[in-house]
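**Q** next comes the sequence, and after it the predicted model I'd like to discuss.
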Amino acid sequence: MKRSQINDIIKEGIEFLRQCNFHLPPFAFWTPDHWRSKGRECDQIRRNMLGWDVVDFGRGDFGRCGILLFTMRNGNRRNPDDIKPYCEKILISKENQRCLMHFHWQKMEDIINHCGGDLVIQLYGSDENEVPDRVHPVRVRLDGVATEVPAGGCVRLKPGESVCLPQGLYHELWAEGGTVLSREVSAVNDDTADNRFAEEVGRFPEIEEDEPPLYYLCNEYPPAD
């Protein structure tokens, strides 16, 4: 991806959040110049990969396969100083833009449609070889209500509705009827070791630096001096 495209995606996301009356923490707007003055007091932001995350799954077609994320809080299983056992992030999905099929070995999560169109989530269980189980139905809870979904079936979340996704449950999501702002409340998130995709994908974009970054992505922060 070009840096200019990443900058535009983030700016468009910020405008959508403004329309949704959703406010981000101050570090969301720290520029590279701001980061040059930040020391070890900000190590939790760096270490736990808080902040902006533009995902194109290595496809180079963000409008079709992609998602914009912002992680607001997170723990870290590798660091004993980060005992926080939970994570919270937001997801911005454009209409028919796919966040590709994956599951997590360790993380259980609630996905909540905060505002916008409908959020559609396709579901498969996983078999002993960690591939999608295309035979057996799965059980999830929709706002606390146990619900059975056939293999490959979808749940549709309207604003205010949520689903709880356990470990090992494959899910692919997209928006219908307009852009969707979702919230994810989960156990600790580890994008370096806890994502199992149904097909080979790239997790962080390869960036062509055609202009300076507006804001760093969550895997780009410079170390403290």
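**A** In hand now; what should we look at?
**Q** Phe70: which element?
**A** Per DSSP states H and E, Phe70 falls inside strand 67-73.
**Q** next, count neighbours for the residue lying closest to Asn48 once chain neighbours are set aside.
**A** Nearest residue to Asn48 in three dimensions, chain neighbours excluded: Asn74, at 4.3 Å (CB to CB, 6 or more residues apart in numbering). Yep, even glycine has a C-beta here, placed from its N, CA and C like the rest. Applying other CB atoms under 10 Å, we find 24 residues neighbouring Asn74.
**Q** and if you look at Asn129?
**A** 6.
**Q** His102: what's it in contact with?
**A** Shown in contact with His102 (CB atoms under 8 Å, 6 or more residues apart in numbering): 170-172, 195-198.
**Q** ok, and the most crowded of the residues you listed?
**A** Counting by other CB under 10 Å, top hit in those: Tyr170 with 24 neighbours.
**Q** how about the nearest residue to that one once chain neighbours are set aside, phi and psi?
**A** Spatially, and ignoring its direct neighbours in sequence, Tyr170 is nearest to Tyr124 (4.1 Å; CB to CB, 6+ apart). Main-chain dihedrals, Tyr124, degrees, to the nearest 10: phi -140, psi 140.
**Q** isn't Tyr124 up against Pro150?
**A** No - the criterion here is CB atoms under 8 Å, and Tyr124 misses it with Pro150 at 9.8 Å.
**Q** any idea of the pLDDT on the residue nearest to Tyr170?
**A** If you check Tyr124, the pLDDT there is 98.
**Q** can you count the residues close to it?
**A** 25.
**Q** Ala146 now?
**A** There are 9 residues near Ala146, going by other CB under 10 Å.
**Q** residues in contact with it?
**A** 139-140.
**Q** backbone dihedrals for it, please?
**A** phi -60, psi 130.
**Q** could you check how far it is from Pro166?
**A** Note on Ala146: its distance to Pro166, by CB to CB, to the nearest Å, is 12 Å.
**Q** swap in Ala224?
**A** 37 Å.
**Q** same drill for those two, tell me which one is more crowded.
**A** Ranked by neighbour count (other CB under 10 Å), Ala224 and Pro166 place Pro166 first, with 15 against 12.
**Q** that one and Lys107 touch, don't they?
**A** No - Pro166 is not in contact with Lys107 according to CB under 8 Å; the separation is 9.5 Å.
**Q** what's the closest non-adjacent residue to the most centrally placed residue in the chain?
**A** The residue lying closest to the centre of the chain (CA atoms, centre = their mean) is Leu69, at 4.6 Å. Spatial nearest neighbour of Leu69, excluding adjacent residues (CB to CB, 6+ apart): Asp53 at 4.0 Å.
**Q** name the element that neighbour belongs to?
**A** strand 51-55.
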